[in-house]
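Participant: show me how the following folds:
(one chain, ligands or ions: 1)
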Amino acid sequence: MTAIWRNALTLVGATTLTLGMAHAQSPELSDPPEIEGEVVGDHGSHTLRMGIGLAESSPQYLSSQYFGEILEQRTDGRITVNVFPNSQLGDDVQMMEMLQTGTLDMTYPSSSATTGYVEELAAFDLPFLLPSREAAVAVMQSDVAQGMLDAFEGTGLKALAFSENGYRQLSNSARPVSSPDDVAGLDVRGLSVRTMENPVHLAIWEALGANPTPMAFGELFSAMEQGVVDGQENPWSTILTSNFNEVQDYGTETRHVYTPFIMMLSERTWDRMAPEYQELVLEAARQSAEYEIQLSAEYDDWSRDQLAERGMEITRLDDEQLAAFQEAVQPVYEEWAPRIGEDLIADIQKIVEESSN
Ligand code: TK8
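Facilitator: Coordinates of the predicted model:
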């Protein structure tokens, strides 16, 4: 990360005062790897517009900036990337459609938003499939996952690389939650929980007794602020960098799904690029995705602790409480594993087992 970058982040961090307390806006983050490799020959110029959902302090944005720095340095400024954060150009589904029509060059959706194009990606939405970050990274870097990226061919979306959105956690504004019964509400109504527009996520929260409401990420903050929904589920770093703690009082460390991000380029833009640029874009995407995973890991627990420090009541589940959530969502596996593909899921589980050896 260039010095200007880090100073800007520190400035944002230092000036964010709440109730007279200065809260750091980010953990101590690793610098990105030095950019290596010679400058690619002159094959024209491209200014790539990239829309993302998360905020400037998120790992998604910081790594996208690094992606742009690699391309700029390795093409002597002939390829530049302008990153538009905070869902300002639209939500995941809308921005993918903009890539298909050529009105946007790049975006970075959650895999859950892309299962309409490549159904196998719904495997990542199966609850409790990936027991650790190591296992998740092993799966994302496997041939099985590369096959999923390749399967976008012809959709108008060139899928470049997987990175980490992360383990999803429940937040809500109604009550502390430590069991599925707390979600369902025995003597009160079940929590209304916003989900991504993805059928497996809907099934998960139905199985837990919630009232799930699929909604675009960009609409979520105001929906929670107005009480349209009680809660949502996202990684701690997203909850923090999107300031959800301003409208959510309770968090529960469910880690119910590990969601990847997929960095994407419009096939129209890809097809206009010389092969040398295509090769460089792929290389830069993989390098920035690796850096994003590192930043996301550095953000994860730190964000949870920051949320607690800022007044969110965080419930961390013990083994027995976690088992109750896993048991409650078992029917989701039974319904969706055959639809997604038992062989594919077995392949993924094999990679998971090998990653722990
Ligand atoms: C941001 C989304 C977000 C996702 C969601 O574009 O929609 O809740 O987890 O990170 O992709």
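
Participant: tell me which residues touch the residue in the stretch 1-150 of the chain positioned nearest to the ligand, please.
Facilitator: Minimum separation of the stretch 1-150 of the chain from the ligand (C-beta to the nearest ligand atom) falls at Gly53, amounting to 2.0 Å. All C-beta spots, glycine's among them, are computed from the backbone N, C-alpha and C. For Gly53, the contacting residues are 60, 85-87, 91-92, 108-109, 217-218, by C-beta atoms under 8 Å, 6 or more residues apart in numbering.

Participant: now restrict those residues to buried residues only.
Facilitator: 60, 85-87, 91-92, 108-109, 217-218 (16 or more other C-beta atoms under 10 Å).

Participant: coming back round to it: filter the contacts of Gly53 down to the ones close to the ligand.
Facilitator: The subset of the contacts of Gly53 within reach of the ligand, by C-beta under 6 Å from any ligand atom, is 92, 109, 217.

Participant: so the first one sits right up against Leu104, yeah?
Facilitator: The reference is to Asp92. No - applying C-beta atoms under 8 Å, one finds Asp92 not in contact with Leu104, separated by 11.9 Å.

Participant: what's in contact with the host helix or strand of Asp182?
Facilitator: Secondary structure assignment for Asp182, by DSSP states H and E: helix 180-184. Contact with helix 180-184 is made by 170, 175-177, 190-191, 193, 205, 208-210, 324-325, 328, as judged by C-beta under 8 Å, 6+ apart.

Participant: and which of those is nearest the ligand?
Facilitator: Nearest to the ligand out of the contacts of helix 180-184 is Val193 (C-beta to the nearest ligand atom; 11.3 Å).

Participant: for the closest one, give the beta-bridge partners.
Facilitator: Beta-bridge partners recorded for Val193 (DSSP bridges): Pro212, Gly231.

Participant: surely it meets Val228?
Facilitator: No - distance between Val193 and Val228: 11.6 Å, which falls outside the contact criterion (C-beta under 8 Å).

Participant: any common contacting residues for those two?
Facilitator: Shared contacts of Val193 and Val228 (C-beta under 8 Å, 6+ apart): Thr213.

Participant: so between those two, which is more surrounded?
Facilitator: Higher neighbour count among Val193 and Val228: Val193, with 24 against 14, using other C-beta atoms under 10 Å.

Participant: who are the contact partners of the more buried one?
Facilitator: Contact analysis of Val193 by C-beta under 8 Å, 6+ apart lists 170, 172, 183, 205, 210-213, 229-233.

Participant: out of these, which end up buried?
Facilitator: Buried members of the contacts of Val193, counted by 16+ other C-beta under 10 Å: 170, 172, 183, 205, 210-213, 229-233.

Participant: let's have these in JSON lines, adding pLDDT and distance to Ser64.
Facilitator: Below are the buried ones among the contacts of Val193 laid out as JSON lines (pLDDT from 0 to 100; distance: C-beta to C-beta, whole Å):
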{"residue": "Leu170", "pLDDT": "98", "distance to Ser64": "27"}
{"residue": "Asn172", "pLDDT": "98", "distance to Ser64": "30"}
{"residue": "Val183", "pLDDT": "97", "distance to Ser64": "34"}
{"residue": "Trp205", "pLDDT": "98", "distance to Ser64": "30"}
{"residue": "Ala210", "pLDDT": "97", "distance to Ser64": "32"}
{"residue": "Asn211", "pLDDT": "96", "distance to Ser64": "34"}
{"residue": "Pro212", "pLDDT": "97", "distance to Ser64": "30"}
{"residue": "Thr213", "pLDDT": "97", "distance to Ser64": "29"}
{"residue": "Val229", "pLDDT": "98", "distance to Ser64": "28"}
{"residue": "Asp230", "pLDDT": "98", "distance to Ser64": "32"}
{"residue": "Gly231", "pLDDT": "98", "distance to Ser64": "28"}
{"residue": "Gln232", "pLDDT": "98", "distance to Ser64": "23"}
{"residue": "Glu233", "pLDDT": "98", "distance to Ser64": "23"}
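
Participant: considering only those, which also neighbour the ligand?
Facilitator: Answer for the buried ones among the contacts of Val193 near the ligand: none qualify (C-beta under 6 Å from any ligand atom).

Participant: just give me the closest of these to Asp319.
Facilitator: Taking C-beta to C-beta as the measure, Asp319 lies nearest Leu170 of the buried ones among the contacts of Val193, at 17.7 Å.

Participant: which secondary structure elements does the longest helix belonging to the chain sit against?
Facilitator: Longest helix in the chain, counting residues (DSSP state H): helix 275-309. Applying 3 or more C-beta pairs under 8 Å, 6 or more residues apart in numbering; DSSP states H and E, we find helix 275-309 packed against helix 59-74, strand 79-84, helix 133-140, strand 157-167, helix 236-241, strand 250-253, strand 258-266, strand 313-316.

Participant: mind checking which of those is nearest Leu126?
Facilitator: Using C-beta to C-beta, the nearest of those to Leu126 is strand 258-266, at 9.9 Å.
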